[in-house]
Structures are given as C-alpha cells and as structure tokens.
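Trainee: got a structure for you, letters missing:
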C-alpha cells in the first residue's frame, strides 16, 4: 500500500478537497487527512470533515505542541479530539494519528504523544512532483501540503495524477487506520 496524508489548514480550498474525495470515491482509494485547530473551528469545513469520515478515510490531528507542558499537550490534543467529536456528532470518535505542524517536534513530544495513544506521522516528501514516482514503493507514506498561496488546484491535479499513475502501476492506496 501507498499512504497519502493530506494536510488541511486555513489555506485549503474545500472545492479542491471535494475534487480529491470525488476521485478517491470513484477509484476506491482511501486517504488520510490531518486537520489543525484553525481548520476545525471553521464551520464551512465541517461538511468536508463529515464526508471524509463517512467515506472511510482516516482523520488525524495536526499541531505545534513543541512549547507546551505535558498537561498542555494533553489539553491541546483533547481539544482537537472534542472538535472532531462535535463535528461528527460522535462522542466515541478518536483519532490515533498526529503530525507536527511546520516540522516542529522533539523526542519529548513524540514520547508524550505515544504515552497518550498517538502514532506520529512524519513526512517522506511534502509535495508530489516529477521525482515522486521514482520514490514510490509499497509502504511509502507521502505527507502532502496543499499550496498555501492562491488556488491550490495544481496541487490537487498532482495528487490525482499521481494516484492515477500509481493505480496503473498496480499500487493500492489506503488510509492509515488499520481497518482500511
């Protein structure tokens, strides 16, 4: 399996996320999506989060917890979990995956996050470009940022074209959850 993790933040355009979800549904592909607190607090994004979940994709949390105390980290991650639960209207929902925002993390963060049940996800490559195909193999995880400037439709095209290529090569795509 190849694992693609898409970062959702305040720069992410829902029309582009919808294009990716439509493509994934048509091609029976599962992906992982990591949202930060800014993305989760905007009500305009809630329908996208529900769709991601309802279609069987993996949801994870994303944040910069590097300067927090142990209790601060627990409180911050739990706040994101509560936001997901509220959006999904499911008080039992819990994600097990975390990715650092802006590559800020420490061994302490990883240890604390593991202690409270999270699996950290680090990037292998942050964009899909002409070199990505040469770096593809079973088990590779691509953590993809949608462009932070202007319309990110070219990033969406890159993701869709890469998955299309991967399917033609016989790769399968899965979300990070073990039940995919």
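Mentor: Happy to help now that I have it. The structure presented is a predicted model; accordingly, all values stated were derived computationally and were not measured.
Trainee: where does this structure dip in pLDDT?
Mentor: Along the chain, segments meeting pLDDT under 70 span 11, 66, 102-104, 123-130, 145-152, 178-180.
Trainee: need the strands for it, in chain order.
Mentor: 3-8, 32-35, 58-63, 97-100, 119-120, 141-145 (DSSP state E).
Trainee: list of residues touching the third one?
Mentor: This points to strand 58-63. Contacting residues not belonging to strand 58-63 are listed as 5, 7-9, 30-37, 49, 52-53, 76-77, 80-81, 84, 95-101, 118, 121, 175-177, 180 [C-beta atoms under 8 Å, 6 or more residues apart in numbering]. Placement of C-beta: from N, CA and C, glycine included.
Trainee: burial of the residue nearest to residue 140 when sequence neighbours are not counted, as a residue count?
Mentor: Once flanking residues are discounted, residue 140 sits nearest to residue 2: 5.5 Å by C-beta to C-beta, 6 or more residues apart in numbering. When neighbours are counted by other C-beta atoms under 10 Å, residue 2 registers 20.
Trainee: got the contact list for residue 2?
Mentor: 136, 138-142, 166, 171-174.
Trainee: between these, which sits nearest residue 69?
Mentor: Among the contacts of residue 2, residue 141 lies closest to residue 69 (C-beta to C-beta), at 29.5 Å.
Trainee: for the longest helix seen in the chain, what is the distance to the chain centroid?
Mentor: For the chain, the longest helix by residue count, based on DSSP state H, is helix 70-88. Relative to its chain's centre, helix 70-88 lies at 16 Å (C-alpha atoms, centre = their mean, to the nearest Å).
Trainee: next, the angle from it to strand 58-63.
Mentor: 140 degrees (axes from the mean of the first three to the mean of the last three C-alpha atoms, to 10 degrees).
Trainee: so what secondary structure elements neighbour helix 70-88?
Mentor: The contact analysis (3 or more C-beta pairs under 8 Å, 6 or more residues apart in numbering; DSSP states H and E) places helix 70-88 against helix 37-41, helix 46-54, strand 58-63, helix 107-115.
Trainee: the last one packs against which elements?
Mentor: Counting contacts by 3+ C-beta pairs under 8 Å, 6+ apart, helix 107-115 packs against helix 70-88, strand 119-120.
Trainee: same list (those) but as JSON lines, adding distance to residue 155 and mean neighbour count.
Mentor: Output for the helices and strands packed on helix 107-115, formatted as JSON lines (distance: least, C-beta to C-beta, whole Å; neighbours: other C-beta atoms under 10 Å):
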{"stretch": "helix 70-88", "distance to residue 155": "24", "mean neighbour count": "15"}
{"stretch": "strand 119-120", "distance to residue 155": "24", "mean neighbour count": "14"}
